[in-house]
Structure formats: C-alpha cells, structure tokens
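Peer 1: Kindly generate the corresponding structure for this input.
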Amino acid sequence: MKDHDLKLVPPTLARQIEATQALGFSMGSEPQTGALLATLVAGKPGGRFLELGTGTGIGTAWMLAGMDPTATLDTVENDPTALRIARDGLGTDPRLRFHEEEGGAFLTRMKGGWFDLIFADTWPGKYTHLEEALAMLPVGGIYFIDDLLPQPNWAPDHAPKVPRLIAKLESRTDLRLTKLCWATGLIIAVKTSPLATNEH
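Peer 2: Numbering: from 1, shown residues only. Reported below is the predicted structural model:
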C-alpha cells in the first residue's frame, strides 16, 4: 500500500497549488492531510464544518471534495492576499462561506455556535482560543489539527508549544484522541461528552 497514491484529488487542486507556489506561500495543507480531511467530512452528510486558517484554499479544496451537496463549510483567514487566491479558485461553490477575519475574533463572535468538524490550521483554535473552539463541537464532533511534527517554517520558540498543546488535549475528559506520526503530524479528537470535568 502506498499512502501517497491518492486517487480522489479535488479538480481545483492543481490550480490552487500553482497559485500558492507563485505567491511563495509555504503553509498549505499537504496531500495526505487533505485526503484524510476529505474522508472525515464525507462521514458527516449535511455537516457543518469550520476551517480556521484558509490560507490559499488547499485544505479547503480537499474538504469541499469530500462534502456532500447539503454540507456547509465556513473558512476563516486574516491574510487578504492568500484569501484572494482561495476565493478565485473556490468562490463559486455555494456550500462555502469565506470570513476575512482573525480566527480568535471569529471564535469569540461565534460563541454558542456549533460545527460537526473543526480543522484548526492556524494559531487560533489551537494554540490560542482552544476552549472556544472545543466548546463548539457537539458530542461526536471532530477536532482535527496538523503540523505537530517539526516543520521548517516554525519560529524558534514554536517547538515547546507543541507538547504543551498535546498534553492539554490528552488531559481532557471530554475527548478521545489519536495521535498520528504521519503527514505533518496529526491529531484527530472526537468529543465524547458535553463538558470536560478537569478544565482549568
């Protein structure tokens, strides 16, 4: 089995990658991560999904490829240049809503809302505003994060933040999670109860 041999590639992906490379943007989701995302959203027909960190829309394209016609995706990005590439390539899809906004501000504004899957691909919802993001998941909802293995674009002070985040997630009583040393390093967590009993 070759896990890089991906058959169901989004039709828009080549265009998104080409525009991303022209911009010099180095933080797009890699193909294995995207393929897994597409599979996860396919398991929730009619689902409501959230992507924090649109970037240029590579992960977005994968999510759209897995979604059924009745599902919706809200995607949040505060870099207008990157977001313009995503809009140009994907903006005609009626299931997609773009938010040009800082992720933390979006999570604060949407307090009380809910999503069946949250893909946190930026700092808010992962290293900041984690509680706000997890509170938006119903029981059975999926929290998905990547870039947990060392990456060349990490800032020098970033590496210590990763084990702290993982420990925080593992300490919660309302999540069941699996860590994958695969792609860029992934965690898939499922909400198993409404509230964590050890939040502090």
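
Peer 1: got the residue ranges for the strands in the chain?
Peer 2: With DSSP state E applied, the chain shows strands at 48-52, 72-77, 96-100, 117-120, 142-145, 175-180, 186-191, listed in chain order.

Peer 1: Okay, now the sheet partners of the last one, with direction.
Peer 2: When sheet partners are counted by DSSP bridges, strand 186-191 sits next to strand 142-145 (antiparallel), strand 175-180 (antiparallel).

Peer 1: do the second one as well
Peer 2: Note on strand 72-77: by DSSP bridges, its sheet partners are strand 48-52 (parallel), strand 96-100 (parallel).

Peer 1: which outside residues touch the first one?
Peer 2: The one in question is strand 48-52. 41, 59-60, 63, 67, 71-76, 103, 106-107, 114-122, 124-126, 133, 136 (C-beta atoms under 8 Å, 6 or more residues apart in numbering). (Glycine included, C-beta is placed from N, CA and C.)

Peer 1: and the gap between the residue positioned nearest the centre of the chain and Met63?
Peer 2: By C-alpha atoms, centre = their mean, the chain has its centre lying nearest to Phe119, at 2.1 Å. Noted for Phe119: a distance of 7 Å to Met63, by C-beta to C-beta, to the nearest Å.

Peer 1: What's the local residue count around the closest residue to Glu77 other than its chain neighbours?
Peer 2: The shortest distance from Glu77 to any residue other than its chain neighbours is 3.5 Å, reached at Thr54 (C-beta to C-beta, 6 or more residues apart in numbering). Neighbours of Thr54 under the rule other C-beta atoms under 10 Å: 29.

Peer 1: what does the one 4 residues further on give?
Peer 2: Burial of Ile58 is recorded as 27 neighbouring residues (other C-beta under 10 Å).

Peer 1: same thing with the one 10 residues further on?
Peer 2: When neighbours are defined as other C-beta under 10 Å, Asp68 has 12 of them.

Peer 1: next one: Ala82
Peer 2: By other C-beta under 10 Å, 21 other residues sit near Ala82.

Peer 1: Tyr127: what's its closest spatial neighbour, skipping adjacent residues?
Peer 2: Lys161 (5.6 Å).

Peer 1: Quickly note the distance from that neighbour to Leu148.
Peer 2: Distance from Lys161 to Leu148, by C-beta to C-beta: 10 Å.

Peer 1: Among the two, which residue is more densely surrounded?
Peer 2: Shown here are Lys161 and Leu148; by other C-beta under 10 Å, Leu148 has more neighbours (19 against 14).
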